[in-house]
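S.K.: Sequence first, then the predicted structure, then my questions.
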Amino acid sequence: MFGNDLLQALPLLPRIHSTDPRANSAGALTAYQSGVYDLFWDVTPDPDATSDPSMVWLWRAAVHVQQPSESPQQLTSLKQHFAKAGDGWYALLGRYLMGYAKADEILDKPLDPHALSEASYYFALRALSERRYADAETWLEVDSRTQQSDNGEYWWGEGLRNHWNLAYEALPVLDRHGTLYEDKH
């Protein structure tokens, strides 16, 4: 499904919530990687009904830092979850995105290339949300150098880098300007 067909099907996603946790996880993944952030909470109303609740919570945090569009109740739920989240890998990355953990808590761990790809992507997202564009570029470069092509975060990071390359803007230039979009007025 592509283009208009996909856009027409997206409103149906909340209605096809499955009793199969793998299908629910696939719905969450589809919504996240498609950038359909407004529907993300609707597609996965109950992370515990997915095959990997910690990943769904992490994606909720990633959606929040990229496009905060959740309701006040959803934001409260997100903050409460990460304020008390455990010390699992995805919980730690989500805690970092939400400001409840420091980068050193992640970087002090031994990271294989797969974990480094994941961490660097989420470091880049947080840097972007804080308008630290040069830092974001650095972390996306780290992600790219991991060559973890079996990892979603690797491809999402490559997508961000390609977007910026197509716009003919380097992130350090944006960092000096303090904005992603130049004011034309």
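M.R.: Yep, it's here.
S.K.: can we go C-alpha only for contacts and neighbour counts from here?
M.R.: Fine.
S.K.: contacting residues around the most centrally placed residue in the chain?
M.R.: For the chain, Ala62 is the residue whose C-alpha lies nearest the centre (CA atoms, centre = their mean; 3.2 Å). By CA atoms under 8 Å, 6 or more residues apart in numbering, the residues touching Ala62 are 94, 97, 122, 125.
S.K.: how close does it sit to Pro110?
M.R.: Using CA to CA, to the nearest Å, Ala62 is found at 23 Å from Pro110.
S.K.: do the same with Leu92
M.R.: 14 Å.
S.K.: Neighbour count: those two, which is higher?
M.R.: Leu92 (23 against 9; other CA atoms under 10 Å).
S.K.: Tell me the pLDDT of the more buried one.
M.R.: pLDDT recorded at Leu92 is 95.
S.K.: tell me the SS of it?
M.R.: Following DSSP: H, G, I helix; E, B strand; the rest coil, Leu92 is assigned to helix.
S.K.: quick one: it and Ile106 touch, right?
M.R.: Yes: if you go by CA atoms under 8 Å, Leu92 and Ile106 touch, sitting 7.4 Å apart.
S.K.: now Glu137: how far from Tyr96?
M.R.: Taken as CA to CA, the span from Glu137 to Tyr96 is 18 Å.
S.K.: Return the helix or strand in this structure with minimum mean pLDDT.
M.R.: helix 4-9 (a mean of 47; mean pLDDT, DSSP states H and E).
S.K.: how would you label Arg131: helix, strand or coil?
M.R.: coil.
S.K.: Run a quick neighbour tally on it.
M.R.: Neighbours around Arg131, by other CA under 10 Å: 18.
S.K.: Then Ser117?
M.R.: Ser117, neighbours per other CA under 10 Å, totals 29.
S.K.: residues contacting Ser144?
M.R.: 117, 154, 157-158.
S.K.: Give the buried residues for the helix or strand harbouring it.
M.R.: Per DSSP states H and E, Ser144 falls inside helix 133-146. For helix 133-146, the neighbour count (16 or more other CA atoms under 10 Å) marks 133-144, 146 as buried.
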